[in-house]
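Student: A predicted structure for the sequence below; I have some questions about it.
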Amino acid sequence: MPAEPASAHAADNANGGASGPLSAPAALRIFSGIQPTGDKHLGNYIGAIRQYVDGQDRGEALYCIVDLHALTAAHDPDALRRSVYDLTALLVAAGLDPTRCLLFRQSDVPEHTELSWILCCLTEVGRLQRMHQFRDKSVAQRELVNAGVLFYPVLQAADVLAYRAHEVPVGEDQREHLELMRDVARRFNSRFGQGGEVLVVPEHRIPEVGARIMDLQEPTRKMSTTGGSEEGTVYVLDEPEIIERKIRRAVTDSGAGIVRGADKPGVSNLIEIMAVARGCTPEEIEAQMASARGYGDLKAAVAQATVEMLAPVRDRYADLRADERALDAILAAGAQRAKAIAAATLTDVRQCVGVGALSAAPSAAIGTVGR
Ligand code: TYM
């Protein structure tokens, strides 16, 4: 899937690794995280999950189910545990292959929380308070704005920086979190790196098309697990008839032209969904739909393309979800290998910041996935 081009900085990281006294991975390392809360929707699938699958062929890919982040919202403990299995099965059904990537649960690798604390001590509270997601959530959770909501982006930074990842595939809504992560890594390096890059400053990878899939009923707000409309949210595991119904009822705009535009959020959203589902550009979709009789034709075509895109995931999901032992084995193997990488980074980090026993030599934090 085309994505916003990585900058020269990413190329430096990918080619050269660290310039300094400590080690960093030489290959392209890709990391992303996804919350186990709620059912995953078309936005998650198009903006993120498809990129995860693609990442397996592009580099050393690590994907983390961030159950600790999920604690920032009120939750039921048993449901949270179950939803980690749901998401593991969904990701494998979508094409993650545990022999070609690391798939693991965040809470199985305590290095994330240790690094998060260290990074908290390098992050201004004011910046966290100004972040969009904090402001949105603190309005929504009027009764209890827990400190976890505020520090959420720092744990996210730790997730990535613990692996010295070069690239982070995400949707558009994560851009601000990525900027914070990059600034924290730079600050760490300038304060403790002795002129070298102890932590890799990662690049986001945001797809050019489908980075922000909108709610079908309210196309000016993003499709989301919390706060979106049920009828405007297509879930990855929705039955084909449900998907067709939701897309048929999508809110469109005045005027009949099937073209994208700032004044046509509903139609633009449908065109982007179809472009991704068909594997072509939005311009090609506009050309293909030039002779359509109206929005009805567009919706029928988008519904068909979406059903076809999601059908293989739905077909594989039930069998995978039924075998919790197999899912446990995937997560345990992923965590074991992830821990080895993160522990090596933490050895260097502790050394640099002056906590823990002095260790004899910096670690070699280079890992390979799928071997
Ligand atoms: P989460 O679980 O909310 O979403 C997972 C991924 O789905 C993308 N996404 C969308 N993309 C396009 N259109 C949409 N409407 C849409 N909605 C969601 C998100 O951008 C994301 O990539 N904070 C993260 C989880 C996280 C993480 C990390 C991500 C924790 N640690 C480290 C990257 C690296 C989140 O809540 O994602």
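Tutor: Yes, it's here.
Student: CA only for contacts and neighbour counts going forward, please
Tutor: OK.
Student: can you give me the helices for the stretch 251-371 of the chain?
Tutor: With helices called from DSSP state H, counting those that start in this stretch, the stretch 251-371 of the chain shows them at 265-278, 282-288, 295-322, 324-353.
Student: Would you mind pulling up the elements that the second one packs against?
Tutor: Read that as helix 282-288. If you count contacts as 3 or more C-alpha pairs under 8 Å, 6 or more residues apart in numbering; DSSP states H and E, helix 282-288 packs onto helix 265-278.
Student: before we move on, back to that, tell me which of the helices of the stretch 251-371 of the chain approaches the ligand most closely.
Tutor: With respect to the ligand, and counting by C-alpha to the nearest ligand atom, the nearest of the helices of the stretch 251-371 of the chain is helix 265-278 at 10.1 Å.
Student: can you list the residues that contact that closest one?
Tutor: 46, 209-210, 213-214, 216, 218-220, 250-253, 258-261, 281-282, 284-286, 298-299, 301-302, 305-306, 308-309 (C-alpha atoms under 8 Å, 6 or more residues apart in numbering).
Student: Of these, grab the buried ones for PyMOL.
Tutor: Burial among these is assessed by 16 or more other C-alpha atoms under 10 Å; the matching PyMOL selection reads:
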select buried, resi 46+209+210+213+214+216+218+219+250+251+252+258+259+260+281+282+285+286+298+299+301+302+305+306+309
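Student: circling back to that earlier point, most neighbours per residue, which of the helices of the stretch 251-371 of the chain?
Tutor: Comparing the helices of the stretch 251-371 of the chain by mean neighbour count (mean count of other C-alpha atoms under 10 Å), helix 265-278 comes out on top with a mean of 23.
Student: Check the spatially most central residue of the chain and give its pLDDT.
Tutor: Within the chain, the residue whose C-alpha comes closest to the C-alpha centroid is V170; the distance, by C-alpha atoms, centre = their mean, is 4.2 Å. Per-residue pLDDT puts V170 at 98.
Student: Repeat that for A26.
Tutor: Per-residue pLDDT puts A26 at 51.
Student: Touching, the residue nearest to the centre of the chain and A48? I think so.
Tutor: Yes - using C-alpha atoms under 8 Å, V170 makes contact with A48 at a distance of 5.2 Å.
Student: still on that earlier bit, who are the contact partners of the residue nearest to the centre of the chain?
Tutor: The neighbours of V170, taking C-alpha under 8 Å, 6+ apart as the test, are 32, 47-48, 51, 204-207, 211.
Student: separation between it and the ligand?
Tutor: For V170, the distance to the ligand (C-alpha to the nearest ligand atom, to the nearest Å) stands at 3 Å.
Student: Would you mind measuring from that residue to R260?
Tutor: For V170, the distance to R260 (C-alpha to C-alpha, to the nearest Å) stands at 23 Å.
Student: quick one: secondary structure of S32?
Tutor: In the three-state summary, S32 is assigned as strand, counting by DSSP: H, G, I helix; E, B strand; the rest coil.
Student: Identify the bridge partners of it.
Tutor: Per DSSP bridges, residues listed as beta-bridge partners of S32: Y63.
Student: Give me the neighbour count for it.
Tutor: For S32, the number of neighbouring residues by other C-alpha atoms under 10 Å comes to 25.
Student: now D57
Tutor: Burial of D57 is recorded as 11 neighbouring residues (other C-alpha under 10 Å).
Student: which residues in this protein form strands?
Tutor: Along the chain, the stretches classed as strands by DSSP state E are 29-34, 60-65, 101-105, 167-169, 203-205.
Student: out of everything not next to it in sequence, what's closest to Q35?
Tutor: Setting aside the residues directly before and after it, Q35 is nearest to V66 in space (C-alpha to C-alpha, 6 or more residues apart in numbering), at 5.0 Å.
Student: My guess is the one you found contacts V109. True?
Tutor: No - at 10.6 Å, V66 does not count as touching V109 under the criterion of C-alpha under 8 Å.
Student: For K339, see how far away T347 is.
Tutor: Following C-alpha to C-alpha, the distance that separates T347 from K339 is 12 Å.
Student: actually L310, sorry about that
Tutor: For L310, the distance to K339 (C-alpha to C-alpha) stands at 33 Å.
Student: And for A311, nearest residue in space, chain neighbours not counted?
Tutor: For A311, ignoring the flanking residues on the chain, the nearest one in space by C-alpha to C-alpha, 6+ apart is P240 at 7.8 Å.
Student: go on, R337?
Tutor: Using C-alpha to C-alpha, 6+ apart and skipping the chain neighbours, the partner closest in space to R337 is L102 (7.5 Å).
Student: Number of residues surrounding that neighbour?
Tutor: Residues contacting L102 under the criterion other C-alpha under 10 Å number 26.
Student: Test my guess that it contacts L62.
Tutor: Yes - with contact defined as C-alpha under 8 Å, L102 counts as touching L62 (4.6 Å).
Student: residues from the protein in reach of the ligand?
Tutor: With C-alpha under 6 Å from any ligand atom as the criterion, the chain meets the ligand at residues 32-35, 43-44, 47-48, 66, 156, 159-160, 168, 170-174, 210-214, 222-224.
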